[in-house]
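Enquirer: 3D, please:
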Amino acid sequence: MQIKYSPDADVLLVKLREGKLVDSVDVAEGLIAHYGKDGSVLEIEILDASTVVELKNLSFSREGMLTGHQIVGVDV
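Expert: Presented below is the predicted three-dimensional model:
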């Protein structure tokens with residue numbers, strides 16, 4: 001999983017898994033789900049993220065200490 005924030009665009013992108021994006025759906029105002037060809041959600045995009053997420057307090061926890069997951073690009 002990767003989490004990236006673009007301060008210029010004020011967009012938070014949560015990449016759940018690798019794959020080619022083939023479709024997207026506006027789930028709610030400013031919340032977009034991006035899907036792969038098998039119908040699984042690959043990414044979640046939050047527009048105007050600073051109004052939705054407290055970026056200063058953004059944290060990530062891994063229950064059970066899973067390996068191979070990381071946060072990248074979080075720069076607030």
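
Enquirer: Where does the residue nearest the centre of the chain sit: helix, strand or coil?
Expert: Using Cα atoms, centre = their mean, the residue of the chain that lies closest to the mean C-alpha position is V14, 1.2 Å off. Three-state call for V14 (DSSP: H, G, I helix; E, B strand; the rest coil): strand.

Enquirer: so what's the closest residue to it other than its chain neighbours up against?
Expert: Among residues not flanking V14 along the chain, I44 sits closest, at 4.5 Å (Cβ to Cβ, 6 or more residues apart in numbering). Yep, even glycine has a C-beta here, placed from its N, CA and C like the rest. Contacts here follow Cβ atoms under 8 Å, 6 or more residues apart in numbering; on that basis I44 touches L13, V14, L16, L31, I32, A33, H34.

Enquirer: For K20, see how far away T51 is.
Expert: For T51, the distance to K20 (Cβ to Cβ, to the nearest Å) stands at 30 Å.

Enquirer: okay, S6: pLDDT?
Expert: You'll see S6 listed with a pLDDT of 90.

Enquirer: buried residues in the helix or strand bottoming out on mean pLDDT in the chain?
Expert: Scoring the helices and strands of the chain by mean pLDDT, DSSP states H and E places strand 2-6 at the bottom, with a mean of 90. Across strand 2-6, burial judged by 16 or more other Cβ atoms under 10 Å covers Q2, I3, K4, Y5.

Enquirer: Test my guess that the first one contacts L12.
Expert: No: checked against Cβ atoms under 8 Å, the pair Q2 and L12 is beyond contact range at 11.3 Å.

Enquirer: hang on, the earlier thing: what packs against the least confident helix or strand of the chain?
Expert: strand 11-15 (3 or more Cβ pairs under 8 Å, 6 or more residues apart in numbering; DSSP states H and E).

Enquirer: Tell me which helix or strand comes right after the strand it packs on.
Expert: Later in the chain than strand 11-15, the nearest helix or strand by DSSP states H and E is strand 21-28.
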